[in-house]
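>>> with the sequence up front, the predicted model follows.
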Number of protein chains: 2
Amino acid sequence: MKPSSAAKAATLHDVARLAGVSLITASRALSKPELVSDKTIARVQEAVAQTGYLPNLMAGGLKSRRSQMVAGIIPALSVAQFLPTLQTLTETLAQSGYQLILGQTGYDVQREEALINTMISRRPDGLFMTGLVHAAAARERLQKAGIPVVESWDFSPQPVDMLVGFSHPAVGAAIADYFRRQGRQRVGIASANDPRALQRCAGFEARWGQPVPTALVPAPSGLARGREALSALLAQSPALEAVYCSSDQMAQGVLVEAQARGLRVPEDLALCGFGNAEFSAHMVPALTTVHVDGAGIGQRAAQMILQRCAGQPVTEPVQDMGFSIIERRSTERAAT
Amino acid sequence: MKPSSAAKAATLHDVARLAGVSLITASRALSKPELVSDKTIARVQEAVAQTGYLPNLMAGGLKSRRSQMVAGIIPALSVAQFLPTLQTLTETLAQSGYQLILGQTGYDVQREEALINTMISRRPDGLFMTGLVHAAAARERLQKAGIPVVESWDFSPQPVDMLVGFSHPAVGAAIADYFRRQGRQRVGIASANDPRALQRCAGFEARWGQPVPTALVPAPSGLARGREALSALLAQSPALEAVYCSSDQMAQGVLVEAQARGLRVPEDLALCGFGNAEFSAHMVPALTTVHVDGAGIGQRAAQMILQRCAGQPVTEPVQDMGFSIIERRSTERAAT
DNA sequence: CTGTTAGCGCATTCAT
DNA sequence: ATGAATGCGCTAACAG
């Protein structure tokens, strides 16, 4: 018995032989024990233990047409936004025996399309997307594949299949309304240049009603980008009173840069972020931001996929999860 | 032609028939074109385009015993530490046509073991672990499975197979040395309670030579935990001069709490983090921290796995990636 | 260069 | 409650 890879893994055949039963009985003992006598089950179990048998899900899946895998497509793992969603999705799926296969598009529509094809080749039982499916060919492919598809973190009246998300233009508009309600005049935007962040910018500007000084930085946005962005904004508009930032991470950078320039937040400059990151409530000043239930998105998406895999209909295939502005110190008005 | 899932996906058989060639010729035209005439390839390609054929990798993998998948096991997606590693790993593997299947252990050894079994059932061509494989049974299983395994972000003289990481006790010791060299007297530790962070604490304290006030918080550590930790530390040791934090995120929290208490960093309190996050260089003050090449770990791990999948030997199966202390403003000595 | 034959490991029919 | 045959879709061997 060499420790090398020589020894082929035990198959169900080996288990059946050792247990003195037929192949199919061994199979049933493991996956449908209610159809097999307790004595037989015990014998099979022991044979499994002795041989160290682990089922080959590829073989089982080939026949049963269920791979027990779900494809997950994201722009990039480094986008902190999506982490709670992915974490919950992975966990919820795992509880039902499904694993996630991960793919990253890098915000590139061509890579997204290629990735979707690659994923379909693995015959996943479902597919999860952050964002919408952009390529028309991919949409068609997915529809033809006939598996449950959940698009997320965005909104569309005509999703490929199911959707759990919210409207980014509405977020932008809500922040514009909020700043206006506070009586702010000279507002600016510090945003990443990814499609969803740009939708928020557009929503903000449309509601604001006039051009808004905007500094765009490459996605994914972080603290360093926030510092750059505020510098760029102040160059355009020195008397800035309030800034909407496309992520809380970026807002941290705007805060640091403001402090480095001797600007007080919120007295001289008000800040609103997006995402309600774990740290935002604990910054000084605490950060006003837009809360989105990322973990909830992941859980609902997983439930929808699992439900459909179980053959049940999904009652509400398009869910707007909404959002809410969390007011904190960083946009407090001076008590004049 | 209903748009529903009724229409079964085209198989290679359909493609072959349409192209007027045999099954295996169609197969070769797609996967080993150098063995097939250009004319035939063109005919097959067209049949593929017409049918919308996408290969079934489960079926191919069953026969060829290569699934083109790599299992990736991490504690939790929310641990920012590992993101660059995972991102690079996923990308590098994808370039060679491999996809990553993700599993999360939640730092639980039992879940880790169960997950490894589940993963083996999918017959991945390789397995990547953040950390070491803890359960003895799992180590054995992996060795018997005969696939390339890379453990990472830690060090062990006897890995299951291959390893790319570094020594956490050595990190702790290096920071202790650094503080001592600076002439700091009253030092403290603010650390998460995960196994690797605890190793760094132990290394620090051993090198320091006497008990070090320590505040432990649950992993994963973030800004909020850092604030808590500094409060706890100051309660124990009011005259604290320097703190080592087990992550840069946590160091941010310690900084915020220090500032909230009117302590100046570095004049009143020096700070050293761990991880060299993207933001650390841009904080005010910029954060001294320990740099670890997380992306490099992911890339090397991917290369090792790919090399072994290609049947080539890996010349250096155990790689210590080392680490380095990046000195920045947060530990600067006053120019007395 | 192309085709024929024979499985990969398992689960779904049917039968008993 | 158990078993025998059949095939999921594809590729590794060998032949031609």
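Looks like it came in fine. Numbers count the residues shown, from 1 in each chain, chains lettered A, B, ... in the order given.
>>> point me to the residue of the stretch 101-250 of chain A nearest chain B.
For the stretch 101-250 of chain A, the residue closest to chain B is A:Gly146, as judged by Cβ to the nearest Cβ, at 2.5 Å. Every residue, glycine included, has its C-beta placed from N, CA and C.
>>> and that residue, how many neighbours?
15 (other Cβ atoms under 10 Å in any protein chain shown).
>>> give me the distance between it and A:Leu127.
11 Å (Cβ to Cβ, to the nearest Å).
>>> likewise A:Arg227?
Relative to A:Leu127, A:Arg227 is positioned 38 Å away (Cβ to Cβ).
>>> now do the residue of the stretch 101-250 of chain A closest to chain B against A:Phe179, distance only.
A:Gly146 sits 46 Å away from A:Phe179, going by Cβ to Cβ.
>>> and if you look at A:Met129?
Here A:Met129 is placed at a distance of 32 Å from A:Phe179 (Cβ to Cβ).
>>> please apply the same query to A:Gln299.
32 Å.
>>> okay, these two: which has more neighbours?
Shown here are A:Gln299 and A:Phe179; by other Cβ under 10 Å, A:Phe179 has more neighbours (23 against 18).
>>> show me what contacts the more buried one?
Contact analysis of A:Phe179 by Cβ atoms under 8 Å, 6 or more residues apart in numbering or on different chains lists A:Val187, A:Trp208, A:Ala242, A:Tyr244, A:Ala270, A:Cys272.
>>> the fourth one: which element?
Put plainly, it is A:Tyr244. strand A:242-245 (DSSP states H and E).
>>> what are the ranges of the helices in the stretch 1-150 of chain A?
A:12-19, A:23-31, A:38-51, A:57-64, A:83-95, A:109-121, A:136-145 (DSSP state H, counting those that start in this stretch).
>>> for B:Ala76, which of the ones you listed is the nearest?
B:Ala76 lies closest to helix A:83-95 among the helices of the stretch 1-150 of chain A, at 6.3 Å (Cβ to Cβ).
>>> what residues does chain A have near DNA strand C?
By Cβ under 7 Å from any atom of the strand, the residues of chain A that approach DNA strand C are A:8-9, A:11-13, A:23-24, A:27, A:30-31, A:53, A:55-56, A:59-60, A:62-64.
>>> from those, list the ones also adjacent to DNA strand D.
Counting by Cβ under 7 Å from any atom of the strand, A:Leu23, A:Ile24, A:Ala59, A:Leu62, A:Lys63 from these sit close to DNA strand D.
>>> follow-up on the earlier one: packing partners of the strand holding A:Tyr244?
Under the contact criterion of 3 or more Cβ pairs under 8 Å, 6 or more residues apart in numbering or on different chains; DSSP states H and E, strand A:242-245 touches helix A:168-181, strand A:187-192, helix A:223-236, helix A:248-260, strand A:270-272.
>>> contacts for the last one next, please.
Applying Cβ under 8 Å, 6+ apart, the set of residues contacting strand A:270-272 from outside is A:175, A:178-179, A:182, A:184, A:241-245, A:251, A:254-255, A:258, A:265, A:287-290, A:325, A:330-332.
>>> mind running it again at 10 Å?
For strand A:270-272, the external contacting residues (Cβ atoms under 10 Å, 6 or more residues apart in numbering or on different chains) are A:175, A:178-179, A:182, A:184, A:187, A:190, A:226, A:230, A:240-245, A:248, A:250-252, A:254-255, A:258, A:265-266, A:283, A:285, A:287-290, A:325-333.
>>> how's chain A carved up into domains?
When chain A is parsed with automatic domain parsing, its domains come out as A:11-47, A:67-166+A:294-322, A:168-291.
>>> any idea which of those scores lowest on pLDDT?
Among these, domain A:11-47 carries the lowest mean pLDDT, a mean of 91.
>>> quick one: buried residues of that one?
A:11-12, A:14-16, A:18-19, A:21, A:25-30, A:36, A:40-41, A:43-44, A:47 (16 or more other Cβ atoms under 10 Å in any protein chain shown).
>>> swap in stretch A:187-196?
Residues A:Val187, A:Gly188, A:Ile189, A:Ala190, A:Ser191, A:Ala192, A:Asp194, A:Pro195, A:Arg196 are the ones in stretch A:187-196 that count as buried (16+ other Cβ under 10 Å).
>>> can you check stretch A:302-318 too?
Neighbour counts over stretch A:302-318 (16+ other Cβ under 10 Å) mark A:Ala302, A:Gln303, A:Met304, A:Ile305, A:Leu306, A:Arg308, A:Cys309, A:Val314, A:Val318 as buried.
>>> tell me the spacing between the second one and DNA strand C.
It refers to A:Gln303. 23 Å (Cβ to the nearest atom of the strand, to the nearest Å).
>>> element containing that residue, please.
Using DSSP H and E, A:Gln303 sits within helix A:294-309.
>>> surely A:Gly106 and B:Glu91 touch.
Yes. Between A:Gly106 and B:Glu91 there is a contact under Cβ atoms under 10 Å: 8.3 Å.
>>> okay, the two: which has more neighbours?
A count of neighbours by other Cβ under 10 Å puts B:Glu91 above the other of A:Gly106 and B:Glu91, at 18 against 14.
>>> excluding chain neighbours, what is closest to that one?
Among residues not flanking B:Glu91 along the chain, A:Gln104 sits closest, at 6.5 Å (Cβ to Cβ, 6 or more residues apart in numbering or on different chains).
>>> enumerate every residue touching the one you found.
Contact analysis of A:Gln104 by Cβ under 10 Å, 6+ apart lists A:72-79, A:111-112, A:115, B:86-87, B:90-91, B:94, B:100.
>>> any idea how far A:Ala114 is from it?
12 Å.
>>> what separation do you get for A:Pro159 and DNA strand D?
For A:Pro159, the distance to DNA strand D equals 27 Å [Cβ to the nearest atom of the strand].
>>> can you tell me the closest non-neighbouring residue to that residue?
Leaving aside its sequence neighbours, A:Pro159 sits nearest to A:Glu151 (Cβ to Cβ, 6+ apart; 5.0 Å).
>>> that neighbour should be in a strand, yeah?
Yes. With DSSP: H, G, I helix; E, B strand; the rest coil as the criterion, A:Glu151 is located in a strand.
>>> list the contacts of it.
When contacts are counted by Cβ under 10 Å, 6+ apart, A:Glu151 is found next to A:73, A:127-133, A:139, A:142, A:159-165, A:301, A:318.
>>> make it 7 Å
A:Met129, A:Gly131, A:Leu132, A:Val133, A:Pro159, A:Val160, A:Leu163, A:Gly165 (Cβ atoms under 7 Å, 6 or more residues apart in numbering or on different chains).
>>> now swap in A:Ile73 and tell me
A:Gly103, A:Thr105, A:Glu112, A:Leu115, A:Ile116, A:Phe128, A:Met129, A:Thr130.
>>> out of those residues, which comes closest to DNA strand C?
Among the contacts of A:Ile73, A:Phe128 lies closest to DNA strand C (Cβ to the nearest atom of the strand), at 23.9 Å.
>>> distance check, that closest one against B:Met58.
Counting by Cβ to Cβ - A:Phe128 and B:Met58 are separated by 19 Å.
>>> which of these two has more neighbours?
Neighbour totals were compared for A:Phe128 and B:Met58, and A:Phe128 leads with 29 against 22 (other Cβ under 10 Å).
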